[in-house]
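J.: give the three-dimensional model of this entry:
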Amino acid sequence: MGHVLFRRWQPRAAVILGVFFSFAVFAGAARATMTTSNSGSTSCVANPGSCAWSGNGTANFSGEFDTPAENPDPSLCLNQAADPTDQLCGHFGLNFNNVGGKVNVAITGWDPNRADLDLCIINSANQVVGCSTGMGGSESIEFTVACGDTHFEAQILPAMFLDFFNPPTIFNPVTYTGGVTTSLTVCIGGGTGGGGQSSAGGHKITGGGKVSQSPGGAPTGNFSLNVMDSTSGFKGKVQFSDSTGCVFRAAVIDAVSWHDESHSADIFGHGFYKTDPNTLVSFHAFGQDNGQGSSTSPPGDIFTIDACPNQGGPVVSGNILYHLP
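T.: Model prediction:
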């Protein structure tokens, strides 16, 4: 589950595949994602795959892509109700009944030399909660379910097919398997909060300092980062200010994709600007611990956030630490 820095959700294409195949040519992309097993307080539907949680439990699913129709952009994915046969993206429905806590969704099982698959989570308003967009053979993302939340959806994106001589077909599809693990508690009397949070036993990324838009360059922003997970969700802070006067602070951490191999994390949430504290806007921050703090010889530590004009970069003063569970 590697991470490619500064990667965004812009369309991509394999050089040769882009010549011979296009998304418009193929009407269908996959077999609908199917539930394969479940346990605990989990009730599932096999096809198209979805599960409902009334307490703690797990679920497993599988799916496939059988045409070389690429789509790396989550905004182009329809939801499962509108695309039950996975014509554009794979889907797995996640429904919750008066529970709160943390949910982890992971996919694996494909050949990373043949395909690049991404994983995103959307909420009931079809808004992207977070994405895992590495280039390896697995992706995972954690997100928090509050007591008032009833529906999320995992979307599997066929971001890129890499092997021109072995493209996905109905006879030789690109297959994947997935799993959902939860740490949920029943909410007392309903409510909208996610319950208390503890930092025990989970991932954590911390740090602070100054960043520049180039290694060893003049500082263009200041950051403070302290995000941790627990059985009940996420807590912590993300703060950033830049040389244009932009001052941004996170209010809610919605989802985190932890990358143990690269000691980095993608953090998704909502926050506010100092000039307008009553309006929440979404943000995506990235922190990477390269073990050298503010080293001027790359790779040093890196912090970026999409909330301000100067979006961060290499750490030129300070440090980031990635803590494994």
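J.: so which other helices or strands are in contact with the one helix or strand Ala285 maps to?
T.: For Ala285, the host element (DSSP states H and E) is strand 276-288. Strand 276-288 is packed against strand 233-242, strand 247-259, strand 264-273, strand 302-305, strand 312-323, with contacts defined by 3 or more Cβ pairs under 8 Å, 6 or more residues apart in numbering; DSSP states H and E. Just so you know, the C-beta spots here come from the backbone N, C-alpha and C atoms, and that holds for glycine as well.
J.: now the second one: average pLDDT?
T.: Averaging pLDDT along strand 247-259 yields 94.
J.: pLDDT below threshold where in the stretch 151-300 of the chain?
T.: Residue ranges of the stretch 151-300 of the chain with pLDDT under 70: 189-201, 293-298.
J.: need the winner for burial among the helices and strands packed on strand 276-288.
T.: Highest mean neighbour count among those (mean count of other Cβ atoms under 10 Å): strand 302-305, with a mean of 24.
J.: read off the pLDDT value for the closest residue to Asp260 other than its chain neighbours.
T.: Spatial nearest neighbour of Asp260, excluding adjacent residues (Cβ to Cβ, 6 or more residues apart in numbering): Leu324 at 6.4 Å. Per-residue pLDDT puts Leu324 at 88.
J.: number of nearby residues for Leu324?
T.: 9 (other Cβ atoms under 10 Å).
J.: hang on, the earlier thing: adding distance to Leu88, write the helices and strands packed on strand 276-288 out as TSV.
T.: Output for these, formatted as TSV (distance: least, Cβ to Cβ, whole Å):
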stretch	distance to Leu88
strand 233-242	30
strand 247-259	22
strand 264-273	22
strand 302-305	29
strand 312-323	32
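J.: Pro219: which of those is closest?
T.: Across those, Pro219 has its closest neighbour in strand 312-323 (5.8 Å, Cβ to Cβ).
J.: quick check: neighbours of that closest one in the sheet, parallel or antiparallel?
T.: In the sheet, strand 312-323 lines up against strand 204-211 (antiparallel), strand 302-305 (antiparallel) (DSSP bridges).
J.: re the thing from before, so for Phe171, which of the helices and strands packed on strand 276-288 sits nearest?
T.: When the helices and strands packed on strand 276-288 are compared by Cβ to Cβ, strand 247-259 sits nearest Phe171, at 33.1 Å.
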